[in-house]
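Engineer: 3D, please:
(chains A and B)
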Amino acid sequence: ETGVTQTPRHLVMGMTNKKSLKCEQHLGHNAMYWYKQSAKKPLELMFVYSLEERVENNSVPSRFSPECPNSSHLFLHLHTLQPEDSALYLCASSQGTGGVYEQYFGPGTRLTVT
Amino acid sequence: GENVEQHPSTLSVQEGDSAVIKCTYSDSASNYFPWYKQELGKRPQLIIDIRSNVGEKKDQRIAVTLNKTAKHFSLHITETQPEDSAVYFCINTGTASKLTFGTGTRLQVTL
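Structural biologist: Next up, the predicted model:
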């Protein structure tokens, strides 16, 4: 299960902090995703990148800023977060976009905003 | 994908019994229907999928059935085992930007 890695695995940050989540995929995939998983809520798709271009931003607040410098790396920059942003943030990759490709998930970053 | 409803939200079965989880979708353009399993503290993983040109697909103890007319697809697990205990998600797919996950079903297999 090392195809998609995420760092850090756990992060505690204050509302005024700035931090970044990192995701790396070693599968040669062309698409990468950020998801938010909150307790008792379905997985929410946040951002989709295809060949380093952002395909979609699903109404995500601007305090979340994604960056995809190449097809293997994906970042999520965080600033002035709110306590309700505490969740598990999952990165995923797939061979292509179009919704018909298997998603390979990373282990996630457990974020706590204090 | 648009809306997707998943039922039940929790399901408890005895080991050896069968479990069925159902998802209902609204996007008639959907043509790919995957199911993911997420064990406690682990990442979601694809366990089975079906495309709109078939009505049923089976892989050992798990199967997925699709009814495009009624717009629902179901996950069937037979002869359940404790390691089947997990949260199961369906996905309503369209374009990658419109992936919509079901709310999840927490399956508990008791001894």
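
Engineer: for the chain, what spans make up the strands?
Structural biologist: In the absence of a named chain, chain A is used. For chain A, applying DSSP state E gives strands covering A:4-7, A:10-13, A:18-25, A:31-37, A:44-50, A:53-57, A:64-70, A:73-79, A:87-94, A:104-105, A:109-113.

Engineer: meant chain B actually
Structural biologist: B:4-7, B:10-14, B:19-25, B:32-38, B:45-51, B:56-59, B:62-67, B:72-77, B:86-92, B:100-101, B:105-110.

Engineer: Distance to chain A and mean neighbour count for the ones you listed - can I get that in TSV?
Structural biologist: Where C-beta positions appear, they are placed from N, C-alpha and C, glycine not excepted. TSV is the format used below for the strands of chain B (distance: least, C-beta to the nearest C-beta, whole Å; neighbours: other C-beta atoms under 10 Å in any protein chain shown):
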stretch	distance to chain A	mean neighbour count
strand B:4-7	8	19
strand B:10-14	11	13
strand B:19-25	11	21
strand B:32-38	4	22
strand B:45-51	5	17
strand B:56-59	14	12
strand B:62-67	14	18
strand B:72-77	15	22
strand B:86-92	7	24
strand B:100-101	4	22
strand B:105-110	10	17
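
Engineer: nearest to residue A:94, of the ones you listed?
Structural biologist: Closest approach to residue A:94 among the strands of chain B (C-beta to C-beta): strand B:45-51, 10.2 Å.

Engineer: Show me what residue B:67 bridges to in the sheet.
Structural biologist: residue B:72 (DSSP bridges).

Engineer: Residue B:23 versus that one, what's the distance?
Structural biologist: Distance, residue B:67 to residue B:23, using C-beta to C-beta, to the nearest Å: 11 Å.

Engineer: quick one on the thing from earlier: could you dump the strands of chain B into a markdown table with mean pLDDT and distance to residue A:75 added?
Structural biologist: Output for the strands of chain B, formatted as a markdown table (pLDDT from 0 to 100; distance: least, C-beta to C-beta, whole Å):
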| stretch | mean pLDDT | distance to residue A:75 |
| --- | --- | --- |
| strand B:4-7 | 92 | 29 |
| strand B:10-14 | 98 | 36 |
| strand B:19-25 | 95 | 32 |
| strand B:32-38 | 94 | 24 |
| strand B:45-51 | 94 | 24 |
| strand B:56-59 | 95 | 36 |
| strand B:62-67 | 96 | 35 |
| strand B:72-77 | 96 | 34 |
| strand B:86-92 | 93 | 25 |
| strand B:100-101 | 85 | 23 |
| strand B:105-110 | 97 | 32 |
